[in-house]
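Engineer: Below is the structure, and that's it, no one-letter string:
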């Protein structure tokens with residue numbers, strides 16, 4: 001993804017599929033603040049390091065929004 005971050009990738013993909021679900025992950029402390037401001041709908045965030053349970057809950061959350 002040279003020249004773009006994950007949020008921009010999802011925004012572009014949502015131009016083709018507005019119902020696209022996404023789980024973002026980052027090791028940066030301030031990354032959590034970016035996602036809710038720029039994306040609506042089925043999106044979740046996990047902070048690195050995360051457990052498989054945390055990732056599972058994030059995936060479940062975005063899937064539940066789509067139902």
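Structural biologist: Good, I have the coordinates. Note that the structure is predicted; figures quoted are calculated from it, not measured.
Engineer: For the rest of this, base every contact and every neighbour count on C-alpha atoms.
Structural biologist: OK.
Engineer: what residues are up against residue 8?
Structural biologist: Taking C-alpha atoms under 8 Å, 6 or more residues apart in numbering, we find residue 8 in contact with no residue.
Engineer: worst-scoring helix or strand of the protein, pLDDT-wise?
Structural biologist: Ranked by mean pLDDT, DSSP states H and E, the weakest helix or strand in the chain is helix 34-38, scoring a mean of 65.
Engineer: Which pLDDT does the model give residue 3?
Structural biologist: Residue 3 is assigned a predicted lDDT (pLDDT) of 84.
Engineer: Need the phi and psi values for residue 43.
Structural biologist: Torsion angles at residue 43 (phi, psi; degrees, to the nearest 10) stand at phi -140, psi 140.
Engineer: Now do the contacts for it.
Structural biologist: Residues near residue 43 by C-alpha under 8 Å, 6+ apart: 21, 22, 23, 24, 35, 62.
Engineer: Packing partners of the helix or strand containing residue 23?
Structural biologist: Using DSSP states H and E, residue 23 falls within strand 22-26. If you count contacts as 3 or more C-alpha pairs under 8 Å, 6 or more residues apart in numbering; DSSP states H and E, strand 22-26 packs onto strand 43-47, helix 52-66.
Engineer: quick one, which of those is packed in tightest?
Structural biologist: strand 43-47 (a mean of 20; mean count of other C-alpha atoms under 10 Å).
Engineer: Can you tell me the strand partners of that one and which way each runs?
Structural biologist: strand 22-26 (parallel) (DSSP bridges).
Engineer: residues making contact with the partner strand?
Structural biologist: Strand 22-26 has contacts (C-alpha under 8 Å, 6+ apart) with 6, 10, 35, 42-48, 58-59, 62.
Engineer: Mind putting these into a markdown table with distance to residue 29?
Structural biologist: A markdown table is the format used below for the contacts of strand 22-26 (distance: C-alpha to C-alpha, whole Å):
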| residue | distance to residue 29 |
| --- | --- |
| 6 | 16 |
| 10 | 20 |
| 35 | 13 |
| 42 | 22 |
| 43 | 18 |
| 44 | 16 |
| 45 | 12 |
| 46 | 11 |
| 47 | 8 |
| 48 | 9 |
| 58 | 18 |
| 59 | 21 |
| 62 | 22 |
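Engineer: I appreciate the help and will end here.
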